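Colleague: Have a look at this fold, sequence not included:
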């Protein structure tokens, strides 16, 4: 039993050797059915929603993110972590199938491109192997016979060129290539295409890690540990480079690092194997160049296919005051004097005060933040019960931490958009009031299952700062 499980894990996760098309096809179908069954069951239990096979097969990550509305906060990150080993298996199996078919293993990286991955799986499932099984067995027997009959000869160690023995020059060259590619890819996807999609947060670190490790291991095979350290340093240099050239601020870089680092390390392992296991260096170098060129295709495809689901965050507090007293604080509240939490002081927009012009539907409410003012026309006015509004204007969600006086990355201009909000007042026994604040927003950053962990928590903290201020003022009256 244990031996069978170990063999199955090796078949799925190992990068060495090759895999036949029948095994590739059957294992791919089986793992796909397993992944869908688990995700559909968990989503059904947590949200009550039916997760259709169509949405599962959709290349749009936003289609899946729409199922997270109203789900527990842990569900999104759990689905991301659950997906990572399947990404590894898909790429690893495709690399080995390419090797079996006589293609460059870099072609296996096509699995990362939406829509193209389905075409790639179909082609790899039907293309015949380069050698038949009988030829493989004969070649293996011939290699074993040569090793058995070869006389024992003491070989003098061949000295490596200066720089290769320590790996300093290959490490610098690989890191420089990875950093240069990451910065160029970021400029293309963010500043040219205006996309914060899977190409940026999945494809760029994976390919940058693979290229960096490939060049690091190309002259001489290094250990896996050394390769991972080199890839980690490469990502650190990337983050420093983003700050140095003013592409991003420190807050967004720190938020992205938990997803960039493990994916780049995964790419580094792929790149090392493609450098160490190859017998045709020129072909693999050409394959690497094609892989570099294919990533912009992913970004371009995402721009035309992406959709923007709406997310909601609800926060509730109980107040020792009647609804009519709480209502007066809801429609407009004075300056918040409480010291902001540390993340607000780091640059996240923090609420300050609110005032209203007029009353009833059509009145204009203005909520002032540290970065500017939200303009909120009232759409529902149920006095002492419910206040709802749209958001027609909003300030930047944060001030970026940067060594320069001011930078303005594109995600500040609409990647996070608050669309509407609502206050619900429910009377409780003994004259108390339950106040619920809700914010609906759109997030154009992928994978949304990861980024909503940050955005939901920050919106919740903004709610608490406002609701607790309303509670203190209402209870003091």
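Modeller: Ah, there it is. None of these values were measured; they are calculated from a predicted model.
Colleague: Distance from the chain centre to the helix or strand hosting residue 226, please.
Modeller: Using DSSP states H and E, residue 226 falls within helix 224-245. With CA atoms, centre = their mean, to the nearest Å as the basis, helix 224-245 stands 18 Å off its chain's centre.
Colleague: Now do the next helix or strand after it: which elements does it pack against?
Modeller: As assigned by DSSP H and E, the chain's next helix or strand after helix 224-245 is helix 250-276. In this structure, helix 250-276 packs against helix 73-101, helix 204-217, helix 224-245, helix 281-305, helix 448-476, with contacts taken as 3 or more CB pairs under 8 Å, 6 or more residues apart in numbering; DSSP states H and E. In short, each C-beta sits where N, CA and C put it, glycine included.
Colleague: quick one on the thing from earlier: need the contact partners of the helix holding residue 226.
Modeller: Residues outside helix 224-245 that contact it (CB atoms under 8 Å, 6 or more residues apart in numbering): 167, 171, 174-175, 178-179, 182-183, 186, 205, 208-209, 212-213, 216-217, 222, 247-250, 253, 257, 260-261, 264-265, 267-269, 271-272, 402-403.
Colleague: Buried deepest among the helices and strands packed on helix 250-276, which one?
Modeller: Per-stretch averages of neighbours, counted by mean count of other CB atoms under 10 Å, single out helix 204-217 among the helices and strands packed on helix 250-276, with a mean of 29.
Colleague: now the angle between helix 73-101 and it, please.
Modeller: Helix 204-217 runs at 40 degrees relative to helix 73-101, counting by axes from the mean of the first three to the mean of the last three CA atoms, to 10 degrees.
Colleague: I'd like the distance from helix 204-217 to the chain centre, please.
Modeller: Distance of helix 204-217 from the chain centroid (CA atoms, centre = their mean) equals 18 Å.
Colleague: Now do that helix, average pLDDT.
Modeller: For helix 204-217, mean pLDDT is 89.
Colleague: Same question for stretch 380-397.
Modeller: Here stretch 380-397 scores 94 as its mean pLDDT.
Colleague: End to end on it, go ahead and measure it.
Modeller: 25 Å (CA to CA, to the nearest Å).
Colleague: Sort out which residues of it are buried, please.
Modeller: Neighbour counts using 16 or more other CB atoms under 10 Å place 381, 384, 386, 387, 388, 389, 391, 394, 395, 396, 397 of stretch 380-397 among the buried residues.
Colleague: doesn't residue 337 make contact with residue 353?
Modeller: No - contact criterion CB atoms under 8 Å: residue 353 and residue 337 do not qualify, at 10.0 Å.
Colleague: With neighbour numbers in mind, choose between those two.
Modeller: residue 353 (16 against 8; other CB atoms under 10 Å).
Colleague: Quick check: closest non-adjacent residue to the more buried one.
Modeller: Leaving out its chain neighbours, the residue that sits closest to residue 353 by CB to CB, 6 or more residues apart in numbering is residue 335, at 4.7 Å.
Colleague: And what about that neighbour, helix, strand or coil?
Modeller: Here residue 335 is recorded as coil under DSSP: H, G, I helix; E, B strand; the rest coil.
Colleague: Give me the distance between it and residue 324.
Modeller: According to CB to CB, to the nearest Å, residue 335 and residue 324 sit 23 Å apart.
Colleague: which one of these two has more residues nearby?
Modeller: Counting neighbours by other CB under 10 Å for residue 335 and for residue 324 shows that residue 324 has the greater number, 13 against 9.
Colleague: Okay, and the more buried one sits in which element?
Modeller: Remark: residue 324 resides in helix 323-331, with elements defined by DSSP H and E.
Colleague: average model confidence for that helix?
Modeller: Taken as a whole, helix 323-331 has an average pLDDT of 94.
Colleague: Next SSE downstream of it?
Modeller: Counting by DSSP H and E, the next helix or strand C-terminal to helix 323-331 is helix 342-345.
Colleague: what's downstream of that following helix, the next helix or strand?
Modeller: Toward the C-terminus, helix 342-345 is succeeded by strand 351-357 as the next helix or strand (DSSP H and E).
Colleague: Give me the buried positions along that next one.
Modeller: Across strand 351-357, burial judged by 16+ other CB under 10 Å covers 351, 352, 353, 354, 356.
Colleague: Pretty sure residue 100 sits against residue 19.
Modeller: Yes - between residue 100 and residue 19 there is a contact under CB under 8 Å: 6.0 Å.
Colleague: other SSEs contacting whichever strand or helix holds residue 41?
Modeller: Using DSSP H and E, residue 41 sits within helix 21-47. Packing partners of helix 21-47 (3+ CB pairs under 8 Å, 6+ apart): helix 2-13, helix 53-57, helix 73-101, helix 116-126.
Colleague: Just the buried residues of that helix, please?
Modeller: Buried residues in helix 21-47, defined by neighbour count with 16+ other CB under 10 Å: 21, 24-25, 27-28, 31-32, 35-36, 39-40, 42-43, 46-47.
Colleague: any idea of the angle that helix forms with helix 73-101?
Modeller: If you take the same axes, to 10 degrees, helix 21-47 sits at 170 degrees to helix 73-101.
Colleague: Mind splitting this protein into its structural domains?
Modeller: Using automatic domain parsing, the domain parsing of the chain gives 2-130+162-305, 310-476.
Colleague: Least confident of those, on average?
Modeller: Among the domains of the chain, domain 2-130+162-305 carries the lowest mean pLDDT, at a mean of 81.
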